[in-house]
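predicted model and sequence below, questions to follow.
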Amino acid sequence: MLNLIKNFFSLIISKSNDRNIFAIGSAHFSEMRQYYSSIKHLSDADYKVFSQTGEDGIIDYLLYSLNIKVPKFVEIGIGDYQESNTRYIFEKNCCRGMIIDKNRNLKNKVAKVVKLWKGDLTIIETTVTSENIVDILFSNSFGNNLDILSLDVDGIDYWIIEALSEEFSKIVVVEYNSIFGPNLEVTIPNLKNFDRKKYHYSYLCYGASLKALIKLMNKKKFVFVGTNIACHNAFFILESEVKELNLILPDTNDLTKYTTSYLSDSRSIDGKLNYLSGKQKLKEIENCEVIDLSDPEKKLVKLKDICW
């Protein structure tokens with residue numbers, strides 16, 4: 001009984017905090033929009049409401065600049081939706097979206113976070129792969145006219161994007177692995193049920209390098225416009241839409257500033273945080289195997305054979 005009472009009051013406090021966070025965030029964006037036309041670097045719009053770091057602010061800036069008032073979105077990899085890239089825009093705009101995660105009892109968990117009646121939110125509990133992504137989108141009527149696609153599966157993100165057609169969304173947010181640095185063009189292999197915790201005990205070998213994603217997205221007719229301040233989410237805009245932004249576009253020949261991350265969430269072999277930083281992180285995973293996308297044959301190689 002005592003635990004039930006504690007959980008009840010924790011939920012009440014949480015909901016109250018969320019309302020305050022939402023109100024403060026909305027006030028911030030209302031004030032900031034008068035300055036959006038003067039923003040020159042995407043990360044200057046960085047601001048957290050419900051996103052993991054500052055993605056909410058960047059997304060608000062892009063939606064406003066592209067005059068998208070009621071966005072249609074898909075977010076893949078949302079946990080329980082507590083911290084996510086589309087939660088704020090769903091609650092703010094009462095719009096249509098689809099969220100996907102392999103998290104069990106996903107709909108019940110999401111229902112505790114947001115009021116589902118506020119919009120049209122499709123909730124899919126599954127593991128997304130390069131083989132099923134297209135069918136998931138089209139079978140749920142999200143295959144066309146998408147405004148935002150946000151992808152963060154801590155693994156085969158590159159291969160999921162590769163499976164999509166050109167110009168699949170106006171705005172794309174995709175997680176990258178800054179540990180791979182500015183020059184490597186690599187991704188982890190396209191493995192079924194990839195788990196970063198099992199692939200290497202440090203949790204550090206996952207996803208794709210920023211350079212690899214930029215090259216792939218260019219083929220899909222997207223332009224890289226920047227990242228969040230934390231340097232783990234890259235933002236892309238359709239080539240046809242970039243003219244609406246006043247940004248100074250990143251120099252894709254030197255990605256150093258976008259791959260310098262100070263996150264220190266590495267684990268030791270016994271599973272404890274050990275807070276590795278800088279080149280220590282790359283050294284820790286140097287024996288991990290990745291696909292070298294700069295090689296025409298896309299060979300599987302060890303990181304140490306191409307990074308030192």
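Here it is on my side, so go on.

CA only for contacts and neighbour counts going forward, please
Will do.

can you pull out the helices in the protein?
2-32, 55-65, 87-93, 106-111, 133-139, 157-162, 196-199, 210-219, 279-284, 304-307 (DSSP state H).

buried sites along the last one?
Applying a neighbour-count criterion of 16 or more other Cα atoms under 10 Å, helix 304-307 contains no buried positions.

please apply the same query to the second one.
Judged by neighbour count using 16+ other Cα under 10 Å, the buried positions of helix 55-65 are 55-63, 65.

so what touches that helix?
Contact with helix 55-65 is made by 29, 33, 36-37, 42-43, 45-50, 69, 71, 85-86, 88, 171, 228, 233, 244-245, as judged by Cα atoms under 8 Å, 6 or more residues apart in numbering.

and the residues you listed, which are buried?
29, 36, 42-43, 45-50, 71, 85-86, 88, 171, 228, 233, 245.

inside strands: which ones of these?
171, 233 (DSSP state E).

now the end-to-end length of stretch 249-261.
Length of stretch 249-261, first residue to last, Cα to Cα, to the nearest Å: 20 Å.

so what's the gap between that stretch and the chain middle?
17 Å (Cα atoms, centre = their mean, to the nearest Å).

buried stuff in it?
Buried, per 16+ other Cα under 10 Å, within stretch 249-261: 250, 252, 255, 258-261.

where's the dip in pLDDT among the residues you listed?
When those are compared on pLDDT, Ser261 comes out lowest, with 89.

for that residue, give its distance to Ala230.
Counting by Cα to Cα, the gap from Ser261 to Ala230 is 6 Å.

and Glu284, by the same measure?
Distance from Glu284 to Ala230, by Cα to Cα: 21 Å.

still on that earlier bit, closest one of the buried residues of stretch 249-261 to Lys102?
Ser261 (27.3 Å; Cα to Cα).

circling back: for the buried residues of stretch 249-261, which one is nearest Gly79?
Taking the buried residues of stretch 249-261 together and measuring to Gly79 by Cα to Cα, the closest member is Ser261, at 22.5 Å.

the closest residue to the closest one other than its chain neighbours - how many residues pack around it?
Computed as Cα to Cα, 6 or more residues apart in numbering, the closest residue to Ser261 that is not its neighbour in sequence is Cys231, at 5.6 Å. Residues near Cys231, counting by other Cα atoms under 10 Å, number 22.
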